[in-house]
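**Q** sequence and computational prediction follow.
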Amino acid sequence: MNTIQKYRFVCTLSFGDIYGQIVVWLVVIFLSLASAMALMGSNQPVYALATVGLILVLSLPFLLFAFVTTLLNHIELSAVDPAKEAQKSSSSLASGQTPAGMPG
């Protein structure tokens with residue numbers, strides 16, 4: 001008979017994995033703000049606001065895509081052996097640890 005297998009989701013994402021993406025996006029934001037300041041100085045505030053808005057609108061989908069694909073690349077799905085899991089939980093109970101939600 002086929003038994004239902006248990007699986008464990010583990011996310012191994014760390015800040016170092018997305019640090020470069022954040023730095024690049026901050027550079028894009030600062031460059032857009034610098035161009036907006038330059039356009040404000042030339043008495044064209046509408047163009048300045050349009051420039052910042054356009055850069056933000058065009059860069060956000062790329063940022064979102066980069067974050068989501070990085071996150072999905074760091075999700076691991078591993079099968080859990082019920083016998084090993086039972087042995088592991090019984091050994092942790094024997095050592096004085098209690099599972100979450102159980103009074104101890």
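**A** Now that the structure is in, tell me what you want to look at.

**Q** elements contacting the strand or helix carrying F67?
**A** F67 is part of helix 45-73, with elements assigned from DSSP states H and E. Where contact means 3 or more C-beta pairs under 8 Å, 6 or more residues apart in numbering; DSSP states H and E, helix 45-73 is packed against helix 15-41. C-beta coordinates here come from the backbone N, C-alpha and C atoms, glycine included.

**Q** where does R8 land in three-state SS?
**A** Put simply, R8 is strand when judged by DSSP: H, G, I helix; E, B strand; the rest coil.

**Q** check the burial of it by counting its neighbours.
**A** Number of residues near R8 (other C-beta atoms under 10 Å) recorded here: 10.

**Q** buried sites along stretch 64-78?
**A** Buried residues in stretch 64-78, defined by neighbour count with 16 or more other C-beta atoms under 10 Å: 66-67.

**Q** now that stretch, how far from the centre of its chain.
**A** 7 Å (C-alpha atoms, centre = their mean, to the nearest Å).

**Q** before we move on, back to that, dump the following helix or strand past the helix holding F67 to CSV, restricted to CA.
**A** Beyond helix 45-73 in the direction of the C-terminus, DSSP H and E gives the next helix or strand as strand 75-80. Presented in CSV, the C-alpha positions along strand 75-80 are these (Å, rounded to 0.1, in the frame of the first residue of the first chain):
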residue,chain,number,x,y,z
ILE,A,75,13.6,26.9,-1.1
GLU,A,76,14.4,23.2,-0.6
LEU,A,77,11.9,20.4,-0.4
SER,A,78,13.1,17.3,1.3
ALA,A,79,11.4,14.1,2.1
VAL,A,80,11.1,13.2,5.8
